[in-house]
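[1] can't give you the sequence, but here's the structure:
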DNA sequence: CTGTTAGCGCCTTCAG
DNA sequence: CTGAAGGCGCTAACAG
């Protein structure tokens, strides 16, 4: 009753050719007579044949899987990267296989090993921090590897992202250019988020280059969130330091800061200017759109996949693609 | 120079057993002498052996892949479901393989076919709407299938979610109970989001049962978003109908509505009460936490995986798991 | 408790 | 332009 699922052999018999020919038609490889091809194609359709990917992978020792390793899904930034990856994969036969590390390098290593067991065509991961073992696995494997988000370092094969250091620098320049002279910082824990730290570094450097310094700073424990942004800004303002502008570690925190100002009756930006990072929708939907930096997450994901698929061989030299960033003027700074 | 990647045969030789024994140790299957097992394990570790999943899948005609089909990644709700799926998969050897349909059933069918080509252990998808072909593929395949989010219908195998009709009903009851008598609705396009429609239906029914009706309603074209919520509420209020409370199609829309009130100088809930759906963090970070319904997305994903993995065979009767919902009182209604 | 024997379905290599 | 042969690495079924 279960109709036996068709294999290459079934298609071949029906089309009166060898299995090999069918395989060639499917993979668009080698010369095929037009007439033969159409005969094969109609046999495939007639049977509703779908190739068994496991068999294909085993025989060719490489699969149509793209391994994707993300630090988190709760930060909307990474689903957006994933969207870009999906968009680029949509018209191909590749499928993403996903792992989430929770910002834990050992977890990354475990996931990497599971993913490599599928002999994926490429691995996409985040940042430059990996365990020794992870690095070794990646290097002993000639498959392509993309490291996303950050470009302030040398990748194994390909890096796609933006300079967080530069982005941090520019946010300070923006505020200084607008005449703010008492600039503070509100952020979250850096240990898991090296990029937030790089932005902070750039920010500090820019203030220094402008003859200023950070007048006050507060960081919460744990990751970024709107609630944490609200509470951490409240903390900082409780210290009564004179502050006229705040750079936040990202938009989540900044939106939280905005909420605090609303609740506390502070006018933004007259009483306090706010500046974020990422350019999330939620920031742009505030009564006054958030001044921030757009970080093109979708583009990062899409570009990575496009670049990886364009060339199956790992290039001799590591390659870096800067997807850039833009300042969103907004109305809060 | 490339150290040949070790296979079962290498491990077997080193441990002085047959390949089969190694395979049994790895899969924890069949009786193995303790001494043999530890010899095999140390050989595995010594070689850094990682099983080739493609070969395993081919031989067993079933893989450690869980196919996951989501309608979208831009709505934070689905990444949250994905988190739940990941959490339940974390300590297993299963890997999720993900597809995104953009709310298009034909796209779902294509993704389903690609996923099935990997002979996954199970398929997790969303809602009850599928093409005929998709249904046939799922039914001819004895693998387990979960349909998430919604339980207002009969699933193929397993449904995990909540009754959106009931949730809509309860939101109206809440508002009526609070004394609101001029209740409106602000939503987005239902054609792609059947669940939003079900909530609306329940909402309408509850008002009717209470001898009331929807005094005004506005729906934007396209999906839900904070910006759309802001603009659509503005539209509705522009009509000058008397309204004292609004039920939104979800929290994104409701947060947008809150933003409109802030900008327009309307006091919430004195001038206008707002009620959402989902219980997103952002709603709870508003100066007044949003009154809404918590929909337990993480739990839905986790429960689905746990239930699917608990039993490899599809049960005789379709099964429904209600993950429920809670009213979050909040301060906006 | 362990080993032997056959494939799983496809792709690669080599002939023709 | 097409076909035949062999094997990818693992697991299932059966012996012993």
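    Alright, I've got the coordinates. In this text the structure is predicted, and so the values were computed from the model without any measurement. Residues are numbered from 1 along each chain as shown, chains lettered A, B, ... in the order given.

[2] what's the residue at minimal distance from the centre of chain A in contact with, if anything?
    Nearest to the mean C-alpha position of chain A, counting by CA atoms, centre = their mean, stands residue A:81 at 4.0 Å. Counting by CB atoms under 8 Å, 6 or more residues apart in numbering or on different chains, residue A:81 touches A:70, A:148, A:149, A:297, A:298, A:300, A:301. Every residue, glycine included, has its C-beta placed from N, CA and C.

[3] Now list the buried members of those residues.
    A:70, A:148, A:149, A:297, A:298, A:300, A:301 (16 or more other CB atoms under 10 Å in any protein chain shown).

[4] Cross these against strands and list the overlap.
    Per DSSP state E, strands hold the following members of the buried ones among the contacts of residue A:81: A:70, A:148, A:149.

[5] would residue A:199 count as being in a helix?
    Yes - assigned with DSSP: H, G, I helix; E, B strand; the rest coil, residue A:199 falls within a helix.

[6] so residue A:249 makes contact with residue A:188?
    Yes - the pair residue A:249 and residue A:188 qualifies as a contact (CB atoms under 8 Å) at a distance of 5.3 Å.

[7] Looking at the two, which one has more neighbours?
    residue A:249 (31 against 22; other CB atoms under 10 Å in any protein chain shown).

[8] In space, what's closest to the more buried one - neighbours in sequence excluded?
    Using CB to CB, 6 or more residues apart in numbering or on different chains and skipping the chain neighbours, the partner closest in space to residue A:249 is residue A:187 (3.4 Å).

[9] likewise residue A:306?
    residue A:88 (5.2 Å).

[10] number of nearby residues for the one you found?
    22.

[11] does it sit in a helix, a strand or a coil?
    Assigned by three-state DSSP, the conformation of residue A:88 is helix.

[12] That one and residue B:141, how far apart?
    29 Å (CB to CB, to the nearest Å).

[13] Can you read off the backbone torsions of residue A:279?
    phi 80, psi 40 (degrees, to the nearest 10).

[14] Enumerate every residue touching it.
    By CB under 8 Å, 6+ apart, the residues touching residue A:279 are A:251, A:292, A:293, A:294, A:295, A:326, A:328.

[15] If we check DNA strand C, which of those are in contact?
    Contacts with DNA strand C within those, counted by CB under 7 Å from any atom of the strand: none were found.

[16] If we only consider the residues you listed, which is nearest to residue A:153?
    The nearest member of these to residue A:153, counting by CB to CB, is residue A:295 at 17.1 Å.

[17] The residue nearest to residue A:306 touches residue A:305, doesn't it?
    Yes - applying CB under 8 Å as the test, residue A:88 and residue A:305 come out as touching, 3.6 Å apart.

[18] just the ones in strands among the buried ones among the contacts of residue A:81 now: which is nearest chain B?
    Lowest distance from chain B to these (CB to the nearest CB) belongs to residue A:70, with 9.7 Å.

[19] hmm, back to that, got the contact list for the residue nearest to residue A:306?
    A:301, A:302, A:303, A:304, A:305, A:306, A:309.
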